[in-house]
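Enquirer: Sequence isn't available, so here's the structure alone:
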């Protein structure tokens, strides 16, 4: 069976969400982290959780910020990568450096009840180039009064106002409009007043891994990780 999600626990660090992953690895240092990468084929992981203690985070021989870049090739295009720092940590720069060198975009950061910090990043999507229509203008080089105002070159439709957002969260792209026809987050049932007979299904397939891999509108947000099929428990 192909591994789709992996939890790596470094040193004495551990995560309560480890049981929700299809594979868990326990390693001692950065060298073993680099060696473990060779066990996976390209584009085979869609979720990766790295757990390290606050004491080991600043130690390059235990957690090397450069190593995560070598794992990018085995991540799927929509993969999520989370680094959980256990214990009281005042400097998370090694985590941010690790994401930066791997070309990952920071997605979220949260603090758990036990004081751990979980930072989540995702692979950057290729930004498609878009063209902006320009107004046709006539320029006279002999008259200073005909100088072009650069702001007038932008079409008024090019600067569309942002979508209306509700009070629930500014990052919830489901708020401010009617529920989707194939709504899976439970909002459609909630607004219609119908009781939810079954546990909501996951559209991303990662809800069971814990809050580090859940979106802002996830119906399981704030709940502990669980194994697939146990959503109703």
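Expert: Perfect, thanks for sending it. What you see is a predicted model, and the numbers here were worked out from it, not measured in a lab.
Enquirer: Now do the lengthiest strand in the chain: distance to the chain's middle.
Expert: Across the chain, the longest stretch assigned as strand under DSSP state E is strand 75-86. Here the centre of strand 75-86 is set off from its chain's centre by 7 Å, with C-alpha atoms, centre = their mean, to the nearest Å.
Enquirer: Going along the chain, name the helices of the protein.
Expert: 30-36, 93-101, 187-192 (DSSP state H).
Enquirer: give me the low-pLDDT residue ranges for this structure?
Expert: 1-3, 125-147, 154-177, 184-186, 193-202, 231-233 (pLDDT under 70).
Enquirer: what about the strands in it?
Expert: Going by DSSP E, the chain shows strands at 5-10, 23-27, 45-53, 75-86, 104-111, 117-123.
Enquirer: Work out the sheet partners of the third one and label each with its direction, please.
Expert: According to DSSP bridges, strand 45-53 has the following sheet partners: strand 5-10 (parallel), strand 75-86 (parallel).
Enquirer: list the buried ones in that strand?
Expert: Neighbour counts over strand 45-53 (16 or more other C-beta atoms under 10 Å) mark 45, 46, 47, 48, 49, 50, 51, 52, 53 as buried. Where C-beta positions appear, they are placed from N, C-alpha and C, glycine not excepted.
Enquirer: so what's the third one bridging to?
Expert: In this structure, residue 47 bridges to residue 5, residue 80 when assessed by DSSP bridges.
Enquirer: Contact partners for the residue lying closest to residue 41 once chain neighbours are set aside?
Expert: Leaving aside its chain neighbours, residue 41 sits nearest to residue 74 (6.7 Å; criterion: C-beta to C-beta, 6 or more residues apart in numbering). Residue 74 makes contacts with 37, 40, 41, 42, 43, 44, 45, as judged by C-beta atoms under 8 Å, 6 or more residues apart in numbering.
Enquirer: Out of those, which two sit at the greatest distance?
Expert: The span of the contacts of residue 74, defined through C-beta to C-beta, is set by 37 and 43 at 13.5 Å.
Enquirer: From residue 50, how far off is the closest residue to residue 227 other than its chain neighbours?
Expert: Sequence neighbours aside, residue 20 is the residue nearest to residue 227 in space, at 6.0 Å (criterion: C-beta to C-beta, 6+ apart). Counting by C-beta to C-beta, to the nearest Å, the gap from residue 20 to residue 50 is 15 Å.
Enquirer: got the contact list for the closest residue to residue 58 other than its chain neighbours?
Expert: For residue 58, ignoring the flanking residues on the chain, the nearest one in space by C-beta to C-beta, 6+ apart is residue 94 at 6.3 Å. Contact analysis of residue 94 by C-beta under 8 Å, 6+ apart lists 57, 58, 63, 65.
Enquirer: For the second one, the count of nearby residues, please.
Expert: By the measure other C-beta atoms under 10 Å, the count of residues near residue 58 is 12.
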